[in-house]
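Colleague: Predicted model and sequence below, questions to follow.
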Amino acid sequence: MMRSHFHQKIQPLLVLAVVCLTVACSSTRHADIERASEYNYSEYELEEGHPEVRMSAMEIVITIVASGGDSYSDSYTTTRTVGSGHDGFNTSSDLLQYEKNMKVPPGHYTVFFTVTDKASGKQTVREVKTFIPEPGDDKINLTSVQLQGKNEDRAEKGYMPVTTYDVSMNKDSLRFVIQVTNNESKNSLLVRSRLIRFEADTTAARPVNHPNYSTSSLPYKGIDYNSQEELEQTERRLDQPESVMIEFPHKRPERGSYRFEVTVRSNGEGHGDGEEEELYKARDFSVKGDNFPHLKSPRELAEPLIYLMGRDEHQELMAIEDPDSLKEAVDRFWLSNIGSINEAKNVISLFYERVEEANKKFTNFKEGWKTDRGMVYILFGPPQYVETRLNSEHWRSSRHSRDSRYNFLFERPRSR
(Lines give C-alpha, C1' and ligand atoms only; values in the text may rest on other atoms or scores of the structure.)
Protein backbone atom coordinates (compact mmCIF):
# COMPACT_ATOMS: atom_id res chain seq x y z
CA MET A 1 0.00 0.00 0.00
CA MET A 2 2.80 2.39 0.88
CA ARG A 3 4.55 1.75 -2.45
CA SER A 4 1.41 2.69 -4.39
CA HIS A 5 0.89 5.74 -2.18
CA PHE A 6 4.49 6.77 -2.78
CA HIS A 7 4.44 6.43 -6.54
CA GLN A 8 1.21 8.38 -6.82
CA LYS A 9 2.89 11.36 -5.22
CA ILE A 10 6.33 11.08 -6.75
CA GLN A 11 5.23 10.48 -10.35
CA PRO A 12 5.55 14.16 -11.44
CA LEU A 13 9.08 14.15 -10.02
CA LEU A 14 10.04 11.12 -12.06
CA VAL A 15 8.69 12.62 -15.27
CA LEU A 16 10.50 15.89 -14.78
CA ALA A 17 13.71 14.11 -13.89
CA VAL A 18 13.72 12.63 -17.38
CA VAL A 19 12.75 15.66 -19.47
CA CYS A 20 14.54 18.40 -17.58
CA LEU A 21 16.77 18.69 -15.14
CA THR A 22 2.27 38.64 5.03
CA VAL A 23 2.11 39.16 8.39
CA ALA A 24 -0.91 40.87 9.78
CA CYS A 25 0.09 42.35 13.14
CA SER A 26 -2.53 43.06 15.75
CA SER A 27 -0.48 45.92 17.19
CA THR A 28 -1.67 49.46 16.54
CA ARG A 29 1.99 50.44 16.13
CA HIS A 30 2.37 48.44 12.94
CA ALA A 31 4.31 51.23 11.18
CA ASP A 32 7.05 51.04 13.82
CA ILE A 33 7.49 47.28 13.63
CA GLU A 34 10.08 46.24 11.06
CA ARG A 35 10.22 42.78 9.58
CA ALA A 36 13.03 43.13 7.01
CA SER A 37 12.99 41.22 3.72
CA GLU A 38 12.18 37.62 2.88
CA TYR A 39 14.54 35.35 0.98
CA ASN A 40 12.27 35.18 -2.09
CA TYR A 41 15.20 35.41 -4.48
CA SER A 42 13.12 35.49 -7.66
CA GLU A 43 9.62 34.93 -8.94
CA TYR A 44 8.57 31.38 -9.83
CA GLU A 45 11.49 30.12 -11.86
CA LEU A 46 15.17 30.48 -11.06
CA GLU A 47 16.01 32.00 -14.43
CA GLU A 48 19.65 31.84 -15.33
CA GLY A 49 21.22 35.27 -15.40
CA HIS A 50 19.38 36.79 -12.48
CA PRO A 51 21.90 38.13 -9.95
CA GLU A 52 20.68 35.97 -7.08
CA VAL A 53 21.14 32.75 -9.09
CA ARG A 54 24.22 32.82 -11.28
CA MET A 55 26.67 35.58 -12.17
CA SER A 56 30.30 36.08 -13.04
CA ALA A 57 30.46 39.88 -12.80
CA MET A 58 28.02 42.16 -11.03
CA GLU A 59 27.51 45.83 -10.32
CA ILE A 60 26.00 47.13 -7.09
CA VAL A 61 24.44 50.61 -7.16
CA ILE A 62 23.27 52.28 -3.96
CA THR A 63 20.91 55.23 -4.36
CA ILE A 64 19.73 57.27 -1.37
CA VAL A 65 16.65 59.43 -1.91
CA ALA A 66 15.63 62.00 0.70
CA SER A 67 12.00 62.73 1.48
CA GLY A 68 12.56 66.18 -0.04
CA GLY A 69 13.76 64.73 -3.33
CA ASP A 70 17.55 65.06 -3.07
CA SER A 71 19.46 61.91 -4.05
CA TYR A 72 22.93 60.47 -3.51
CA SER A 73 24.40 57.43 -5.24
CA ASP A 74 27.46 55.22 -5.33
CA SER A 75 28.38 52.12 -7.34
CA TYR A 76 30.58 49.09 -6.85
CA THR A 77 31.58 46.49 -9.44
CA THR A 78 32.99 43.07 -8.65
CA THR A 79 33.96 40.02 -10.69
CA ARG A 80 33.31 36.50 -9.46
CA THR A 81 34.76 33.58 -11.36
CA VAL A 82 32.75 30.38 -11.46
CA GLY A 83 34.58 27.36 -12.84
CA SER A 84 32.78 24.74 -14.89
CA GLY A 85 31.59 21.80 -12.88
CA HIS A 86 31.02 23.88 -9.74
CA ASP A 87 27.88 21.95 -8.79
CA GLY A 88 27.36 23.67 -5.49
CA PHE A 89 27.20 27.21 -6.81
CA ASN A 90 23.43 27.39 -7.18
CA THR A 91 22.98 26.36 -3.56
CA SER A 92 25.87 28.39 -2.19
CA SER A 93 25.09 30.43 0.90
CA ASP A 94 28.24 32.54 0.68
CA LEU A 95 27.72 36.09 1.92
CA LEU A 96 29.09 39.03 -0.04
CA GLN A 97 29.12 42.05 2.22
CA TYR A 98 29.57 45.52 0.79
CA GLU A 99 30.00 48.47 3.14
CA LYS A 100 30.00 52.10 2.05
CA ASN A 101 29.90 55.27 4.14
CA MET A 102 27.98 58.07 2.46
CA LYS A 103 27.68 61.49 4.06
CA VAL A 104 24.15 62.87 4.06
CA PRO A 105 22.33 65.43 6.22
CA PRO A 106 19.80 64.33 8.85
CA GLY A 107 16.38 63.37 7.57
CA HIS A 108 14.17 60.58 6.26
CA TYR A 109 15.55 58.50 3.40
CA THR A 110 14.73 55.58 1.12
CA VAL A 111 17.79 53.53 0.20
CA PHE A 112 17.68 51.51 -3.05
CA PHE A 113 20.11 48.63 -3.68
CA THR A 114 20.34 47.58 -7.32
CA VAL A 115 22.37 44.47 -8.25
CA THR A 116 23.00 43.98 -11.97
CA ASP A 117 24.43 40.90 -13.65
CA LYS A 118 26.86 42.39 -16.15
CA ALA A 119 26.57 39.39 -18.47
CA SER A 120 22.78 39.38 -18.92
CA GLY A 121 21.83 42.88 -17.79
CA LYS A 122 19.18 41.48 -15.41
CA GLN A 123 18.65 43.25 -12.12
CA THR A 124 17.42 42.75 -8.59
CA VAL A 125 16.27 45.82 -6.64
CA ARG A 126 15.67 46.06 -2.89
CA GLU A 127 14.78 49.12 -0.83
CA VAL A 128 14.77 50.10 2.82
CA LYS A 129 13.66 53.22 4.66
CA THR A 130 15.84 54.87 7.28
CA PHE A 131 15.97 57.96 9.46
CA ILE A 132 18.92 60.06 10.66
CA PRO A 133 18.01 62.33 13.61
CA GLU A 134 19.11 65.96 13.78
CA PRO A 135 21.78 66.22 16.54
CA GLY A 136 20.69 69.72 17.55
CA ASP A 137 16.97 69.00 17.52
CA ASP A 138 15.22 69.42 20.87
CA LYS A 139 12.95 66.49 20.08
CA ILE A 140 13.41 63.00 21.44
CA ASN A 141 14.41 60.65 18.63
CA LEU A 142 14.62 56.88 18.44
CA THR A 143 16.08 55.13 15.41
CA SER A 144 14.97 51.82 13.97
CA VAL A 145 16.24 48.64 15.60
CA GLN A 146 19.31 47.14 13.90
CA LEU A 147 19.65 43.36 14.19
CA GLN A 148 23.14 41.86 14.09
CA GLY A 149 24.48 38.33 14.57
CA LYS A 150 27.73 36.44 14.95
CA ASN A 151 29.13 32.95 15.30
CA GLU A 152 31.98 32.52 17.78
CA ASP A 153 33.18 29.34 16.06
CA ARG A 154 33.85 31.02 12.73
CA ALA A 155 36.80 33.06 11.56
CA GLU A 156 34.94 36.38 11.62
CA LYS A 157 34.46 37.29 15.25
CA GLY A 158 32.50 40.52 14.84
CA TYR A 159 28.77 41.04 14.49
CA MET A 160 27.33 41.04 10.96
CA PRO A 161 24.07 42.75 9.94
CA VAL A 162 21.03 40.50 9.63
CA THR A 163 19.02 42.04 6.80
CA THR A 164 16.39 39.32 6.43
CA TYR A 165 13.42 38.30 8.54
CA ASP A 166 14.94 34.86 8.97
CA VAL A 167 17.88 34.25 11.31
CA SER A 168 19.84 31.05 10.80
CA MET A 169 20.67 29.05 13.90
CA ASN A 170 24.34 29.13 12.89
CA LYS A 171 24.31 32.55 14.57
CA ASP A 172 24.92 31.81 18.24
CA SER A 173 24.68 35.45 19.40
CA LEU A 174 22.40 38.33 18.46
CA ARG A 175 22.69 42.03 19.15
CA PHE A 176 20.07 44.75 18.81
CA VAL A 177 21.29 48.33 18.38
CA ILE A 178 19.37 51.61 18.65
CA GLN A 179 20.28 55.29 18.83
CA VAL A 180 18.46 57.55 21.28
CA THR A 181 18.75 61.35 21.05
CA ASN A 182 17.76 63.59 23.95
CA ASN A 183 18.80 67.26 23.94
CA GLU A 184 16.55 68.46 26.75
CA SER A 185 18.44 68.93 30.03
CA LYS A 186 15.24 68.63 32.05
CA ASN A 187 14.09 65.53 30.25
CA SER A 188 15.12 62.18 31.69
CA LEU A 189 14.41 59.17 29.53
CA LEU A 190 13.47 55.65 30.49
CA VAL A 191 14.53 53.10 27.85
CA ARG A 192 12.83 49.72 28.10
CA SER A 193 13.43 46.69 25.92
CA ARG A 194 11.65 43.35 25.65
CA LEU A 195 12.32 40.14 23.77
CA ILE A 196 9.03 38.37 23.05
CA ARG A 197 8.28 34.96 21.60
CA PHE A 198 4.99 34.33 19.79
CA GLU A 199 3.16 31.06 19.39
CA ALA A 200 3.34 30.11 15.72
CA ASP A 201 2.50 27.27 13.38
CA THR A 202 5.57 25.15 12.54
CA THR A 203 3.82 22.15 10.98
CA ALA A 204 4.10 20.95 7.40
CA ALA A 205 1.26 21.68 4.99
CA ARG A 206 -1.68 19.32 5.19
CA PRO A 207 -2.80 17.28 2.16
CA VAL A 208 -4.52 19.13 -0.66
CA ASN A 209 -7.75 17.22 0.04
CA HIS A 210 -7.65 17.90 3.79
CA PRO A 211 -11.27 18.60 4.84
CA ASN A 212 -10.74 20.38 8.14
CA TYR A 213 -9.23 23.78 7.41
CA SER A 214 -10.66 26.29 9.84
CA THR A 215 -10.10 30.01 10.41
CA SER A 216 -10.10 29.32 14.14
CA SER A 217 -6.97 27.17 14.00
CA LEU A 218 -3.44 28.43 14.58
CA PRO A 219 -2.09 26.78 11.39
CA TYR A 220 -4.63 28.82 9.46
CA LYS A 221 -3.56 32.09 11.08
CA GLY A 222 0.19 31.51 11.15
CA ILE A 223 1.37 33.58 14.11
CA ASP A 224 -0.78 34.23 17.15
CA TYR A 225 0.25 37.73 18.26
CA ASN A 226 -2.11 37.51 21.22
CA SER A 227 -0.19 34.54 22.61
CA GLN A 228 3.21 35.80 23.68
CA GLU A 229 5.92 34.90 26.14
CA GLU A 230 8.29 37.53 27.50
CA LEU A 231 11.81 36.09 27.53
CA GLU A 232 13.75 39.09 28.80
CA GLN A 233 13.23 42.71 29.82
CA THR A 234 15.75 45.49 30.54
CA GLU A 235 15.56 49.10 31.67
CA ARG A 236 18.00 51.99 31.38
CA ARG A 237 17.60 55.63 32.42
CA LEU A 238 19.25 58.54 30.57
CA ASP A 239 19.46 61.62 32.78
CA GLN A 240 21.78 63.79 30.67
CA PRO A 241 21.16 65.44 27.29
CA GLU A 242 22.99 63.21 24.84
CA SER A 243 22.81 61.06 21.74
CA VAL A 244 23.79 57.50 22.56
CA MET A 245 24.00 54.14 20.83
CA ILE A 246 22.60 51.40 23.03
CA GLU A 247 23.40 47.74 22.42
CA PHE A 248 21.29 44.85 23.67
CA PRO A 249 23.20 41.55 23.35
CA HIS A 250 21.22 38.30 23.51
CA LYS A 251 21.99 34.66 23.17
CA ARG A 252 20.32 33.43 20.01
CA PRO A 253 16.93 31.94 20.99
CA GLU A 254 15.62 28.59 19.79
CA ARG A 255 13.56 28.13 16.64
CA GLY A 256 10.48 30.30 16.66
CA SER A 257 8.93 33.70 15.90
CA TYR A 258 10.11 36.70 17.90
CA ARG A 259 9.87 40.45 18.38
CA PHE A 260 12.43 42.73 20.01
CA GLU A 261 10.80 46.00 21.03
CA VAL A 262 12.11 49.23 22.54
CA THR A 263 10.07 51.92 24.27
CA VAL A 264 11.54 55.32 25.16
CA ARG A 265 9.51 57.39 27.59
CA SER A 266 10.21 60.93 28.77
CA ASN A 267 8.78 62.63 31.86
CA GLY A 268 7.74 65.64 29.77
CA GLU A 269 9.25 68.29 32.10
CA GLY A 270 11.30 69.80 29.32
CA HIS A 271 8.15 70.52 27.31
CA GLY A 272 6.46 72.45 30.07
CA ASP A 273 3.25 70.50 29.94
CA GLY A 274 4.21 67.70 32.30
CA GLU A 275 2.91 65.08 29.90
CA GLU A 276 4.83 61.95 29.13
CA GLU A 277 6.08 61.33 25.62
CA GLU A 278 6.60 57.79 24.36
CA LEU A 279 8.42 56.46 21.29
CA TYR A 280 8.26 52.84 20.14
CA LYS A 281 10.28 50.72 17.69
CA ALA A 282 10.37 46.97 17.14
CA ARG A 283 12.02 44.34 14.96
CA ASP A 284 10.30 41.05 14.16
CA PHE A 285 12.40 38.04 13.22
CA SER A 286 12.22 34.27 12.96
CA VAL A 287 14.87 31.71 13.87
CA LYS A 288 15.04 28.87 11.36
CA GLY A 289 17.18 25.70 11.03
CA ASP A 290 20.96 25.47 11.24
CA ASN A 291 21.47 25.45 7.47
CA PHE A 292 18.41 27.37 6.32
CA PRO A 293 17.44 27.76 3.51
CA HIS A 294 19.47 24.61 2.66
CA LEU A 295 19.13 21.08 4.05
CA LYS A 296 22.20 19.18 5.22
CA SER A 297 21.55 17.28 8.45
CA PRO A 298 19.73 13.91 8.48
CA ARG A 299 16.79 15.44 10.34
CA GLU A 300 16.50 18.27 7.83
CA LEU A 301 16.51 15.72 5.00
CA ALA A 302 13.91 13.54 6.72
CA GLU A 303 11.35 16.23 7.56
CA PRO A 304 10.08 16.97 3.99
CA LEU A 305 9.42 13.26 3.40
CA ILE A 306 6.10 13.82 5.14
CA TYR A 307 4.75 14.64 1.65
CA LEU A 308 5.73 11.17 0.39
CA MET A 309 4.85 9.11 3.45
CA GLY A 310 1.82 8.37 5.53
CA ARG A 311 1.68 10.55 8.65
CA ASP A 312 2.13 7.62 11.04
CA GLU A 313 5.08 6.30 9.07
CA HIS A 314 6.68 9.75 9.09
CA GLN A 315 6.24 10.06 12.84
CA GLU A 316 8.12 6.78 13.28
CA LEU A 317 10.90 8.09 11.07
CA MET A 318 11.22 11.36 13.01
CA ALA A 319 11.27 9.46 16.30
CA ILE A 320 14.75 8.13 15.42
CA GLU A 321 17.16 10.21 17.49
CA ASP A 322 20.56 8.90 16.35
CA PRO A 323 21.65 10.92 13.25
CA ASP A 324 23.40 7.97 11.58
CA SER A 325 20.39 5.71 12.07
CA LEU A 326 18.10 8.42 10.76
CA LYS A 327 20.23 8.89 7.65
CA GLU A 328 20.16 5.12 7.01
CA ALA A 329 16.37 5.10 7.35
CA VAL A 330 16.05 7.97 4.85
CA ASP A 331 18.29 6.12 2.36
CA ARG A 332 16.28 2.92 2.78
CA PHE A 333 13.07 4.79 2.10
CA TRP A 334 14.30 6.14 -1.22
CA LEU A 335 15.90 2.91 -2.43
CA SER A 336 13.01 0.66 -1.40
CA ASN A 337 10.49 2.79 -3.28
CA ILE A 338 12.47 3.49 -6.43
CA GLY A 339 14.74 0.45 -6.75
CA SER A 340 17.25 1.72 -9.30
CA ILE A 341 20.18 3.50 -7.66
CA ASN A 342 20.76 5.79 -10.64
CA GLU A 343 17.09 6.72 -10.86
CA ALA A 344 17.01 7.26 -7.12
CA LYS A 345 19.91 9.71 -7.34
CA ASN A 346 18.06 11.76 -9.94
CA VAL A 347 14.81 11.83 -7.99
CA ILE A 348 16.50 12.60 -4.67
CA SER A 349 18.46 15.44 -6.24
CA LEU A 350 15.33 16.94 -7.82
CA PHE A 351 13.24 16.52 -4.66
CA TYR A 352 15.66 18.33 -2.34
CA GLU A 353 16.42 20.97 -4.97
CA ARG A 354 12.73 21.82 -4.97
CA VAL A 355 12.60 21.83 -1.16
CA GLU A 356 15.40 24.40 -1.03
CA GLU A 357 13.81 26.47 -3.79
CA ALA A 358 10.54 26.42 -1.85
CA ASN A 359 12.41 27.76 1.17
CA LYS A 360 13.73 30.63 -0.91
CA LYS A 361 10.42 31.43 -2.60
CA PHE A 362 7.69 30.89 -0.01
CA THR A 363 9.20 31.23 3.48
CA ASN A 364 7.24 33.45 5.87
CA PHE A 365 6.62 32.64 9.53
CA LYS A 366 7.76 29.09 8.77
CA GLU A 367 10.02 27.39 6.25
CA GLY A 368 8.78 27.67 2.67
CA TRP A 369 8.62 23.91 2.13
CA LYS A 370 6.03 23.68 4.92
CA THR A 371 3.61 26.10 3.23
CA ASP A 372 0.79 25.09 0.90
CA ARG A 373 2.54 26.60 -2.11
CA GLY A 374 5.76 24.90 -1.05
CA MET A 375 4.10 21.48 -0.88
CA VAL A 376 2.59 21.83 -4.37
CA TYR A 377 5.86 23.19 -5.77
CA ILE A 378 7.80 20.20 -4.42
CA LEU A 379 5.38 17.57 -5.69
CA PHE A 380 4.44 19.07 -9.05
CA GLY A 381 7.31 21.44 -9.85
CA PRO A 382 7.12 25.12 -10.84
CA PRO A 383 3.82 26.13 -12.44
CA GLN A 384 3.71 26.95 -16.13
CA TYR A 385 1.17 29.72 -15.62
CA VAL A 386 0.53 31.91 -12.58
CA GLU A 387 -2.41 34.29 -12.19
CA THR A 388 -2.06 36.55 -9.16
CA ARG A 389 -4.88 38.56 -7.64
CA LEU A 390 -5.18 40.59 -4.46
CA ASN A 391 -6.07 37.67 -2.16
CA SER A 392 -5.53 34.64 -4.34
CA GLU A 393 -3.08 32.93 -6.65
CA HIS A 394 -3.95 30.42 -9.37
CA TRP A 395 -1.29 27.94 -10.54
CA ARG A 396 -1.61 25.92 -13.71
CA SER A 397 0.92 23.18 -14.42
CA SER A 398 -0.76 21.99 -17.59
CA ARG A 399 -1.45 23.64 -20.91
CA HIS A 400 -5.05 22.54 -20.52
CA SER A 401 -6.85 24.95 -18.21
CA ARG A 402 -9.53 22.37 -17.39
CA ASP A 403 -7.08 19.70 -16.28
CA SER A 404 -7.98 19.75 -12.58
CA ARG A 405 -5.12 17.42 -11.65
CA TYR A 406 -2.59 20.21 -12.16
CA ASN A 407 -4.64 23.30 -11.30
CA PHE A 408 -4.24 24.81 -7.85
CA LEU A 409 -5.93 27.81 -6.24
CA PHE A 410 -4.36 29.42 -3.18
CA GLU A 411 -6.54 31.88 -1.27
CA ARG A 412 -5.63 34.19 1.56
CA PRO A 413 -7.82 33.32 4.57
CA ARG A 414 -10.13 35.89 6.08
CA SER A 415 -9.70 36.16 9.82
CA ARG A 416 -12.83 36.08 11.94
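Modeller: Arrived safely.
Colleague: ranges for the helices of the stretch 201-350 of the chain?
Modeller: Listed in chain order, the helices of the stretch 201-350 of the chain (DSSP state H, counting those that start in this stretch) span residues 218-221, 298-302, 311-318, 323-338, 341-362.
Colleague: and Val177, which of the ones you listed is closest to it?
Modeller: Ranking those by their distance to Val177 (criterion: C-beta to C-beta) puts helix 341-362 first, at 27.6 Å. Backbone N, C-alpha and C define where each C-beta goes, glycine included.
Colleague: Next, the buried residues of the closest one.
Modeller: Applying a neighbour-count criterion of 16 or more other C-beta atoms under 10 Å, one finds 344, 346-348, 350-352, 354-362 buried in helix 341-362.
Colleague: mind checking the end-to-end distance for stretch 360-367?
Modeller: Using C-alpha to C-alpha, to the nearest Å, the end-to-end distance of stretch 360-367 comes to 9 Å.
Colleague: hang on, the earlier thing: rebuild the helices of the stretch 201-350 of the chain as a markdown table, extending it with mean pLDDT and distance to Asn182.
Modeller: Formatted as a markdown table, the entries for the helices of the stretch 201-350 of the chain read as follows, by pLDDT from 0 to 100; distance: least, C-beta to C-beta, whole Å:
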| stretch | mean pLDDT | distance to Asn182 |
| --- | --- | --- |
| helix 218-221 | 72 | 39 |
| helix 298-302 | 95 | 47 |
| helix 311-318 | 94 | 52 |
| helix 323-338 | 93 | 52 |
| helix 341-362 | 91 | 42 |
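Colleague: Tell me which of these sits nearest to Glu411.
Modeller: With C-beta to C-beta as the measure, helix 218-221 is the member of the helices of the stretch 201-350 of the chain nearest Glu411 (11.4 Å).
Colleague: Could you name the helices and strands sitting against the closest one?
Modeller: Using 3 or more C-beta pairs under 8 Å, 6 or more residues apart in numbering; DSSP states H and E, no helix or strand is in contact with helix 218-221.
Colleague: please redo it, this time with the cut-off set to 10 Å
Modeller: The contact analysis (3 or more C-beta pairs under 10 Å, 6 or more residues apart in numbering; DSSP states H and E) places helix 218-221 against strand 189-200.
Colleague: Compute the mean per-residue pLDDT across the strand it packs on, please.
Modeller: Per-region confidence: strand 189-200 scores 94 on mean pLDDT.
Colleague: Okay, and the beta partners of Glu277?
Modeller: According to DSSP bridges, the partner residues bridging Glu277 are Ser266.
Colleague: you'd agree it is up against Ser266?
Modeller: Yes. Glu277 sits in contact with Ser266 when judged by C-beta atoms under 10 Å, with a separation of 4.6 Å.
Colleague: neighbour count winner among these two?
Modeller: For Glu277 and Ser266, the more surrounded residue by other C-beta atoms under 10 Å is Ser266, and the numbers stand at 21 against 16.
Colleague: Contacts only, for that one.
Modeller: Ser266 sits next to 140, 182, 184, 186-190, 238, 275-279 when contact means C-beta atoms under 10 Å, 6 or more residues apart in numbering.
Colleague: Please indicate which of the residues you listed are buried?
Modeller: Burial by neighbour count, 16+ other C-beta under 10 Å: within these this picks out 140, 182, 184, 187-189, 238, 277, 279.
Colleague: Please name the residues that touch the nearest residue to Arg255 once chain neighbours are set aside.
Modeller: If you skip the residues right next to it in sequence, Arg255 has Val287 as its closest partner in space, 5.1 Å away by C-beta to C-beta, 6 or more residues apart in numbering. When contacts are counted by C-beta under 10 Å, 6+ apart, Val287 is found next to 166-169, 171, 174, 197, 252-258.
Colleague: Equivalent analysis for Tyr258, please.
Modeller: Contacts of Tyr258 were listed using C-beta under 10 Å, 6+ apart, and they are 167, 174, 195-198, 200, 228-229, 231, 250, 283-287.
Colleague: Low-confidence ranges, the stretch 51-200 of the chain, go.
Modeller: For the stretch 51-200 of the chain, applying pLDDT under 70 flags the ranges 51-58, 75-98, 152-157, 185.
Colleague: Run through the helices of it in chain order.
Modeller: Using DSSP H, counting those that start in this stretch, the stretch 51-200 of the chain contains no helices.
Colleague: Sketch out the strands for it, chain order is fine.
Modeller: Per DSSP state E, counting those that start in this stretch, the stretch 51-200 of the chain carries strands over the ranges 57-66, 71-79, 107-117, 123-132, 141-142, 146-150, 160-161, 166-167, 173-182, 189-200.
Colleague: Nearest to Phe292, out of these?
Modeller: strand 166-167 (6.4 Å).
Colleague: contact partners of that closest one?
Modeller: Outside strand 166-167, the residues that reach it (C-beta under 10 Å, 6+ apart) are 36-39, 147, 149, 174, 252-253, 255, 258, 285-289, 292-293, 359, 363-365, 367-368.
Colleague: Kindly give a single ChimeraX line that selects the buried subset of those.
Modeller: In ChimeraX syntax, the buried subset of the contacts of strand 166-167 is picked out as below (16+ other C-beta under 10 Å):
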select :36,38,39,147,149,174,252,253,255,258,285,286,287,288,289,292,293,359,363,364,365,367,368
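Colleague: In strands, which of the contacts of strand 166-167 appear?
Modeller: Mapping the contacts of strand 166-167 onto strands (DSSP state E) picks out 147, 149, 174, 258, 285-287.
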